[in-house]
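> sequence first, predicted coordinates after that:
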Amino acid sequence: MSSAKGYAHMGEEALSIGADTFQFFTRNPRGGSAKALNTADMEALGALMQRRGFAKIIAHAPYTLNACAADDGLREFARNTMAEDLARLEYLPGNYYNFHPGSHVKQGAEIGIEKIAQTLNAVLRPEQHTTVLLETMAGKGSEVGRSFEELRAIIDAVELQDHLGVCLDTCHVWDGGYDIAGNLDGVLEEFDRVIGLDRLKAIHLNDSMNPLGAHKDRHAKIGEGYIGTAALSAVTKHPVLQGLPVCLETPNDLQGYAAEIALLRTLYQE
Ligand code: FE
Ligand code: FE
Ligand code: ZN
């Protein structure tokens, strides 16, 4: 969702399609500046979430942010954006801020990892109430975070690790070569061995338009891609993933999301 219509409105919209969590962009996903701060609206959403028993929600950083850009100015933009977003999220305490770790663009993954950790070390505050999530990436182009090892290396280089978690995107890990359709248990065991399941805080549930390991990052509707409905339903039902917020990022309108939520809830009961 987009925060353009306001925070409380997003909460009502989520309820109207049978959701008890949602993800929203903190600002235009392909732009930069945020709209005026409306703390009353944010607090109204917080009250609604409490009243209606929401799970934690996910604020998503803009795609334009690259925490490991070679250019100093671009890295400064990433730092400023993240710092401002995190300051604002203090009006909705206890939720998640998810970002794409970055693209190293010819610098190499090792330098990318180092710069991402530097950015996080510059913006994380001991007193903050938001957990920052590194999203698992498909490995398109020079994306950092294409493997569990890369995410672990970022976490290892961050000082305030208590404020860090991981968001697992089913399309991205599939495109990254992790066979969640054929061997979900094995992928989660690997996640646990490399990163630790205690770091896994949220799921992006998407089908993929491309086969395993394609490194493309094209989301498909549930059941209309290579992962398939049964495997995606199995993700929602897996014992070690219970209680995590699950957000759809499928190419849908509101009615499409309502139908996918209804389908997944029905399959969950089976
Ligand atoms: Fe994302
Ligand atoms: Fe995602
Ligand atoms: Zn994606």
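Sure, I can see it. Ligands and ions are numbered 1, 2, ... in the order given.
> could I get the contacting residues of residue 184?
By CB atoms under 8 Å, 6 or more residues apart in numbering, residue 184 lies in contact with 231, 234, 235, 238. Every residue, glycine included, has its C-beta placed from N, CA and C.
> could I get the full set of strands for this protein?
Applying DSSP state E to the chain gives strands spanning 23-25, 58-60, 96-99, 102-103, 131-135, 143-144, 164-169, 200-205, 207-208, 219-220, 246-248.
> mean neighbour count for these - can I get that in TSV?
Compiled in TSV, the strands of the chain are given as follows (neighbours: other CB atoms under 10 Å):
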stretch	mean neighbour count
strand 23-25	19
strand 58-60	23
strand 96-99	24
strand 102-103	23
strand 131-135	23
strand 143-144	26
strand 164-169	24
strand 200-205	22
strand 207-208	26
strand 219-220	20
strand 246-248	23
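> how about those, which one is nearest residue 88?
Smallest distance to residue 88 across these (CB to CB): 8.6 Å, for strand 58-60.
> what are the bridge partners for the closest residue to ligand 2 within the stretch 1-150 of the chain, then?
Closest to ligand 2 within the stretch 1-150 of the chain is residue 135: 5.5 Å, counting by CB to the ion. Beta-bridge pairing of residue 135 under DSSP bridges involves residue 167.
> contacts only, for it.
Residue 135 makes contact with 98, 99, 100, 101, 145, 166, 167, 169, 172, 204 under the criterion CB under 8 Å, 6+ apart.
> so which of the residues you listed are also by ligand 2?
Among the contacts of residue 135, the residues that sit close to ligand 2 (CB under 5 Å from the ion) are 169, 204.
> farthest-separated two in the contacts of residue 135?
Top of the distance list for the contacts of residue 135 (CB to CB): 101 and 204, 14.4 Å.
> can you give me the helices in the chain?
If you assign secondary structure with DSSP state H, the helices in the chain sit at 7-16, 39-51, 72-89, 109-123, 148-156, 170-175, 184-194, 229-237, 254-269.
> show me what the last one is packed against.
What that stands for is helix 254-269. With contacts taken as 3 or more CB pairs under 8 Å, 6 or more residues apart in numbering; DSSP states H and E, helix 254-269 sits against helix 7-16, helix 229-237, strand 246-248.
> let's go with 7 Å and repeat that
helix 229-237 (3 or more CB pairs under 7 Å, 6 or more residues apart in numbering; DSSP states H and E).
> give me the below-cutoff pLDDT ranges for the chain.
Scanning the chain for pLDDT under 70 picks out 2-4.
> what residues does it put near ligand 2?
169, 204, 249.
> good, we can wrap up now.
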